[in-house]
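[1] Model the structure of this input:
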Amino acid sequence: MLDFLINQTKKLGLNEQEAKVYAVLLETSPAGASFISKKCGLVRSSVYLVLNSLIDQGLVGTTFRNNVKQFTALDLAALQDIVDREEEKIKEKNEAVEALRIFVKSKTMSEINIPSISFFEGVSGLRVMLFNMLRSAQDGAEMLVIRDSDVVRPDWKFVLEDRWQKLKNEKGINTKILINDTPEERRRATTYRKFKDVLIKFLPKQSPVEKFMFILVGDTACFLSLEQNNLVGVKISNEHLVKNFSRMFETMWKK
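    Below you'll find the model as predicted:
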């Protein structure tokens, strides 16, 4: 039980020693410093330092029993205060990111004829690139995709994960996918079509793409190479170029 309490309180931002001491008090309150020291395996001087930190955070209070100072875990509302403070910090960070995004976009738009080009490598780099595209897209934007089957391999499953789908749903983004015509993709098509915001068409069997993925959303397009041990991506942000990429895609889609 103590390990469970320690793990849960660490998730709220307490460090290892704070989590141990607070967990002991959640399990047994009130308690003296000696008891806490033995239970946590910490020297008393360290216990007092930790207790003072927890008191400052509003998580621990003091009382006296037989003229001996005891410590007690306070109402769990103090934990909610920690969560609320973290949410406020996240809100401020999101606002800062949005302000910077608007600034950078306005600067880029002033040089509309100069495309912004970024290069990414590895799964983590491509993952960041794709999520950034989605976050910066306007609500109601359309995502256009050309890809082969490599995207559904284990290290690319994030494209289908809940967080990705949730972000798409929040922004109301619909997707058109041109995909290689293979037996496995034909089987997967049933799953794809369960998503109301996804339309699927197959590339001609004589013209498949190989270890390749193209994604366009908003004013950004990405070209991804999915070669094993050589994952690289190029992101281009330029209204003129992306508009022409979009027209090329629509021509393929109609045919």
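[2] all contacts plus neighbour counts: C-alpha atoms, from now on.
    Will do.
[3] Off-centre distance for the longest helix seen in the chain?
    Counting residues, the longest helix in the chain under DSSP state H turns out to be helix 77-109. Its chain's C-alpha centre and that of helix 77-109 lie 14 Å apart, by C-alpha atoms, centre = their mean, to the nearest Å.
[4] Check which helices and strands whatever helix or strand comes next after that helix is in contact with.
    Using DSSP states H and E, the helix or strand that follows helix 77-109 towards the C-terminus is strand 116-121. Here strand 116-121 touches strand 230-237, going by 3 or more C-alpha pairs under 8 Å, 6 or more residues apart in numbering; DSSP states H and E.
[5] Try it again at 10 Å.
    helix 122-136, strand 220-227, strand 230-237 (3 or more C-alpha pairs under 10 Å, 6 or more residues apart in numbering; DSSP states H and E).
[6] Format the ones you listed as TSV; extra columns: mean neighbour count.
    Converted to TSV, the helices and strands packed on strand 116-121 look like this (neighbours: other C-alpha atoms under 10 Å):
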stretch	mean neighbour count
helix 122-136	16
strand 220-227	20
strand 230-237	19
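[7] Which one, of those, ends up nearest to Thr251?
    Evaluated with C-alpha to C-alpha, the helices and strands packed on strand 116-121 place strand 220-227 nearest to Thr251, the distance being 16.7 Å.
[8] Specify the angle between the closest one and strand 116-121 in degrees.
    With axes from the mean of the first three to the mean of the last three C-alpha atoms, to 10 degrees as the basis, strand 220-227 and strand 116-121 are set at 20 degrees to each other.
[9] how far out from the middle of the chain is strand 220-227?
    Worked out by C-alpha atoms, centre = their mean, strand 220-227 lies 20 Å from the chain centre.
[10] what's the average pLDDT for that strand?
    Mean pLDDT, strand 220-227: 86.
[11] same for that strand, what does it pack against?
    Packing contacts for strand 220-227, counted by 3+ C-alpha pairs under 10 Å, 6+ apart, involve strand 116-121, helix 122-136, strand 142-147, strand 212-217, strand 230-237, helix 239-254.
[12] switch to 8 Å and redo it
    The helices and strands touching strand 220-227, judged by 3+ C-alpha pairs under 8 Å, 6+ apart, are strand 212-217, strand 230-237, helix 239-254.
[13] Take those and lay them out in CSV including mean pLDDT.
    Converted to CSV, the helices and strands packed on strand 220-227 look like this (pLDDT from 0 to 100):
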stretch, mean pLDDT
strand 212-217, 90
strand 230-237, 84
helix 239-254, 91
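[14] got a list of what Trp253 touches?
    Residues counted as contacts of Trp253 (C-alpha atoms under 8 Å, 6 or more residues apart in numbering) are Leu178, Lys201.
[15] Swap in 10 Å and give it another go.
    Contacts for Trp253 (C-alpha atoms under 10 Å, 6 or more residues apart in numbering) come out as Leu144, Lys176, Ile177, Leu178, Ile200, Lys201, Phe202, Leu203, Arg247.
[16] and if you look at Met213?
    Contacts of Met213 (C-alpha under 10 Å, 6+ apart): 145-151, 178-179, 222-226, 233.
[17] Repeat that for Thr251.
    Per C-alpha under 10 Å, 6+ apart, neighbours of Thr251: none.
[18] measure it to Ser207 for me?
    Going from Thr251 to Ser207 by C-alpha to C-alpha, to the nearest Å gives 15 Å.
[19] which one is Ala137 nearest to, not counting chain neighbours?
    Distances taken as C-alpha to C-alpha, 6 or more residues apart in numbering place Gly218 nearest to Ala137, at 5.2 Å, with adjacent residues excluded.
[20] Go ahead and confirm that neighbour touches Asn174.
    No. Assessed by C-alpha atoms under 10 Å, Gly218 is found out of contact with Asn174, at 11.7 Å.
[21] Same drill for these two, tell me which one is more crowded.
    Gly218 (22 against 18; other C-alpha atoms under 10 Å).
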